[in-house]
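Quick check, what structure comes out for this input:
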Amino acid sequence: MPSERVTFKGALGDTLSAKIDSPDDGKVKSWVLFAHGFSIGKDLKPIRTISRSLVEDGFGMLRFDFTGLGESEGNFSDTNFTTNCEDIRQAAKFLTENYGPPCVLIGHSFGGTAALKVADEIPQVKAVATIGSPCDTTHIVHQFADQLEEIVEEGEAKVLLGGRPFVIKEQFLEDIENHDIAMEISNLERGLLIFHSPQDRVVGIDNAAHIYRHAKHPKSFVSLDGADHLLLRNPADAEYVAHVLAAWAHRYI
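Numbers count the residues shown, from 1 in each chain. Just a heads-up that it's a prediction; the model follows:
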């Protein structure tokens, strides 16, 4: 799978790192934009697996690192849900201006929540897929709930996310309180595909039910029975997501 390294400016003016994955012959049926989960990155193996399968089916995909993560510049502690959404908008703008408009928007975990927020602001996006995504922005707090008091009292705190240290500032907490994702879902005039594992211990399956309940048709739910949140435990889980995504996406290109 040919991958081209590209960059563009993100929400805070920092240079964001991205990769363009496309078919060998350069013939792209349509473009897909992928937004990764909270504190992860574009190069997580399941994301590469999903991209490879989509490319084999003729799609092109842009995957990028949010501000302050992976190979992107910027300070993670200055980011929040609002900046994540703007990073996605800027990624869509870059893709449209340089390769082609994204027809499908895919988001994993918190990236999926952001995708639900911005999808209707990107006219060319016809369909949205979420993978293990929270139904609201405040859900993320449970990952560092034991340090909330410190964040409020001191203005920030160092927390462990996925075994790695990150600084969370009070501005992050304030920002996530200002988004009504339920309303965004109910107003989403796009095809919607929801992937979620009943065994997800990071984002519970009730989040998928909430998203599905608020969304209007066309909408679909796919159970990832036995899968973990990051789709890392069994490589077949990411392969399954990829093949279902490819078949589903053809309806919207």
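
Could you use CA atoms for every contact and neighbour count after this?
Will do.

who are the neighbours in contact with His214?
Applying C-alpha atoms under 8 Å, 6 or more residues apart in numbering to His214 gives the contacts 182, 185-186.

okay, those residues in CSV with pLDDT, secondary structure and distance to Ile40 next?
What follows is the contacts of His214, written out as CSV (pLDDT from 0 to 100; DSSP: H, G, I helix; E, B strand; the rest coil; distance: C-alpha to C-alpha, whole Å):
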residue, pLDDT, secondary structure, distance to Ile40
Ala182, 96, helix, 25
Ile185, 97, helix, 24
Ser186, 96, helix, 28
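
Pick out whichever of those sits closest to Glu71.
Closest approach between these and Glu71, by C-alpha to C-alpha: Ile185, at 30.9 Å.

Shouldn't Leu160 be within a strand?
Yes - counting by DSSP: H, G, I helix; E, B strand; the rest coil, Leu160 falls inside a strand.

which strand residues sit across from it in the sheet?
Pro165 (DSSP bridges).

correct me, but it touches Asp146?
No - the criterion here is C-alpha atoms under 8 Å, and Leu160 misses it with Asp146 at 11.0 Å.

Just the pLDDT for Met1.
Met1 carries a pLDDT value of 66.

which residue of the protein sits farthest from its center?
In terms of distance from the mean C-alpha position of the chain, Glu153 ranks first, at 30.7 Å (C-alpha atoms, centre = their mean).

For Lys169, see how far away that residue is.
11 Å (C-alpha to C-alpha, to the nearest Å).

And for Leu160?
14 Å.

For those two, indicate the residue with more neighbours.
Higher neighbour count among Leu160 and Lys169: Lys169, with 22 against 13, using other C-alpha atoms under 10 Å.

quick one, what contacts the more buried one?
Contacts of Lys169 (C-alpha under 8 Å, 6+ apart): 77-78, 151, 155-157.

And for Ser3?
19-22.

Quickly find the element holding Tyr212.
According to DSSP states H and E, Tyr212 maps onto helix 206-214.

Distance from the chain centre to that helix, please.
Relative to the chain's own centre, helix 206-214 is displaced by 17 Å; criterion: C-alpha atoms, centre = their mean, to the nearest Å.
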